[in-house]
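Q: the sequence and its predicted three-dimensional model are supplied below.
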Amino acid sequence: MSASIVLAFGLAVLAWVLVVGDLVRRHRPLWHWYLAGYPVTACRVMFTWRKVAMLNDLTVSKRPPRGLLGDVVVKGDPLRPIAPRISFPRATRMGLTVLVRLHAGQTPATYLKTADALVHAWRVHAVRVTSPERGLVLLAATASDPLARPGLATAPAALLSALIGALESGGAWVMDLRLVPHWLITGATRSGKSTLLARLIAQLAPQPVALVGIDCKGGMELGLFAGRLSALATCRREAVAVLSTLVVDMQDRMAACRSAGVRSIWELPDKLRPVPVVVIVDEIAELYLSDGTRESKAEAEQCSTLLLRLAQLGAALGLHLVVAGQRVGSDLGPGVTALRAQLGGRICHRVNDPGTAEMTLGDLNKDAVAVAQSITAEEQGVAVCTGPDGGWSRARSHLTTTEQAVSTARKHAEMVPELPTLGRALAALEGDDK
């Protein structure tokens, strides 16, 4: 009888543990990882490492100290495979890291090929392979996809800084235009590119900055936020006028800095400092494509030259570019490649062609290109982005609906800085049309 009571009590305790564990896993995933997930995964890493290393050619063969004649075993002693030494797994937020000390002659490339095998052996979501220094490889495993349900990360508010979403590491995804002045954003239809632009405008709208939109699709996208924009160009002809005016304004800012003996507007006194300007270009291909006519070619060349001048010289003068497009390739002309080189920040959503992913990330990291091409249609808002340290990460933007962004833009419409030169340029175009 007592044995039955003990068994029943044990089953009750087990059921209670399972129920509580499931509640913790769903509502406090971080607690669940540290209390249960990490210990189990760490043991799995330690117990499976030797076998995984042997099956994936990560070992080296150690020759016995005696009994060998050349490569022939004469004493019956087999060549022993030696797995690289690893550190004890160190816990991170929803993951762990393992430091591997390479054998002589090994390279990190071998471990990159083994990443998928490690994912299955350790039963984790992904394994990232990096080399912090020569002779070492860092294996960073994530237990589950942190972007499936990204939390609302926080970041300190700063001028020209926008909280975009969450990084794969769990940190805040911030677009800081003071740190990285110019950005290239690519993504196919329904990949999250437009949502990202809406989020960016909603974050910059409350700040004392001028927003200039160039949307050659008739203003269908950026026209929704016209109340907060200092100027909006809806065709290439208007884009030429806006960009030309900004280049002239850039030269005036250069003169002001030269007169004050400083190298950027941020060194000027507050009273003399001109307002920062963020130029948002939606669908860059519309500026570069030409229908073959002389006028069309001339406008495309003007846009290319003006954008490149702003990208080359605008960072220290408070002029920032955010260039977006569904497709960005060298077939649009040499000006696109030259402009790409000046856009230090890169964000690549799901794209329809490998060339766009290569153009966005290829000159920075080939692994990032492969990861960007693996983004599926169901992962809306997921992108591969670069960081200020030159690295890259998967990230997901916070869902900001068009209605929310439009409401924020209207709420801060009174904060639109006056840029008289832009207004006069667009008014002159309207007068010519009439």
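A: It's in.
Q: use CA for all of it now, contacts and neighbours both
A: Fine.
Q: which residue is nearest the middle of this protein?
A: The residue lying closest to the centre of the chain (C-alpha atoms, centre = their mean) is residue 385, at 1.4 Å.
Q: helix or strand: which one has the residue nearest to that one when sequence neighbours are not counted?
A: Excluding the flanking residues, the one nearest residue 385 by C-alpha to C-alpha, 6 or more residues apart in numbering is residue 347, at 4.4 Å. Remark: residue 347 resides in strand 345-348, with elements defined by DSSP states H and E.
Q: can you show me the CA trace of that strand as CSV?
A: Output of strand 345-348 as CSV, limited to C-alpha atoms (Å, rounded to 0.1, in the frame of the first residue of the first chain):
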residue,chain,number,x,y,z
GLY,A,345,24.6,50.3,-43.9
ARG,A,346,23.0,47.3,-45.6
ILE,A,347,19.7,45.6,-45.0
CYS,A,348,18.6,42.7,-47.2
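Q: and the contacts of it?
A: 180-187, 357, 360-361, 372, 383-387 (C-alpha atoms under 8 Å, 6 or more residues apart in numbering).
Q: ok, residue 39 - how many residues close by?
A: The tally of other residues near residue 39 (other C-alpha atoms under 10 Å) stands at 14.
Q: helix, strand or coil for residue 395?
A: Secondary structure assignment for residue 395 (DSSP: H, G, I helix; E, B strand; the rest coil): strand.
Q: ok, it - contacts?
A: Counting by C-alpha under 8 Å, 6+ apart, residue 395 makes contact with 147, 165-168, 173, 382-385.
Q: if it is in a bridge, with which residues?
A: residue 167, residue 383 (DSSP bridges).
Q: now the helix or strand hosting the residue nearest to the centre of the chain: buried residues?
A: Using DSSP H and E, residue 385 sits within strand 382-386. By neighbour count with 16 or more other C-alpha atoms under 10 Å, strand 382-386 contains the buried residues 382-386.
Q: kindly reformat the residues you listed as a markdown table containing pLDDT and distance to residue 246.
A: Listed next are those as a markdown table, based on pLDDT from 0 to 100; distance: C-alpha to C-alpha, whole Å:
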| residue | pLDDT | distance to residue 246 |
| --- | --- | --- |
| 382 | 91 | 33 |
| 383 | 93 | 31 |
| 384 | 93 | 31 |
| 385 | 93 | 28 |
| 386 | 88 | 27 |
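Q: now these as a markdown table including distance to residue 86?
A: Formatted as a markdown table, the buried residues of strand 382-386 follow (distance: C-alpha to C-alpha, whole Å):
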| residue | distance to residue 86 |
| --- | --- |
| 382 | 32 |
| 383 | 31 |
| 384 | 29 |
| 385 | 30 |
| 386 | 29 |
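Q: out of these, who's nearest residue 50?
A: Nearest to residue 50 out of those is residue 384 (C-alpha to C-alpha; 32.6 Å).
Q: correct me, but the closest one touches residue 394?
A: Yes - Residue 384 sits in contact with residue 394 when judged by C-alpha atoms under 8 Å, with a separation of 4.5 Å.
Q: let's verify the residue lying closest to residue 174 once chain neighbours are set aside: helix, strand, or coil?
A: In space, residue 174 comes closest to residue 163 once its chain neighbours are excluded; the distance is 4.6 Å by C-alpha to C-alpha, 6+ apart. Secondary structure, three-state DSSP: residue 163 is strand.
Q: and for the one 10 residues further on?
A: For residue 173, the reduced secondary structure class is strand; criterion used: three-state DSSP.
Q: same question for residue 206.
A: Assigned with three-state DSSP, residue 206 falls in the coil class.
Q: residue contacts, it?
A: Counting by C-alpha under 8 Å, 6+ apart, residue 206 has contacts 412, 415.
Q: residues in contact with residue 41?
A: By C-alpha under 8 Å, 6+ apart, the contact set of residue 41 is 122-123.
Q: how near is it to residue 97?
A: 11 Å (C-alpha to C-alpha, to the nearest Å).
Q: what are the boundaries of the helices in the stretch 151-300 of the chain?
A: Secondary structure of the stretch 151-300 of the chain (DSSP state H, counting those that start in this stretch): helices at 193-204, 236-260, 285-288, 294-313.
Q: how far does stretch 50-59 sit from its chain's centre?
A: 33 Å (C-alpha atoms, centre = their mean, to the nearest Å).
Q: model confidence over it, on average?
A: The average pLDDT within stretch 50-59 is 89.
Q: can I get it as PDB, trimmed to CA atoms?
A: Taking Å, rounded to 0.1, in the frame of the first residue of the first chain, the C-alpha atoms of stretch 50-59 are listed here in PDB:
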ATOM      1  CA  ARG A  50      34.000  13.600 -30.400                       C
ATOM      2  CA  LYS A  51      31.600  11.600 -32.600                       C
ATOM      3  CA  VAL A  52      30.600  14.700 -34.600                       C
ATOM      4  CA  ALA A  53      34.200  15.700 -35.100                       C
ATOM      5  CA  MET A  54      35.100  12.200 -36.400                       C
ATOM      6  CA  LEU A  55      32.100  12.000 -38.800                       C
ATOM      7  CA  ASN A  56      32.800  15.400 -40.200                       C
ATOM      8  CA  ASP A  57      36.500  15.300 -40.700                       C
ATOM      9  CA  LEU A  58      37.300  17.700 -37.800                       C
ATOM     10  CA  THR A  59      39.900  15.300 -36.300                       C
END
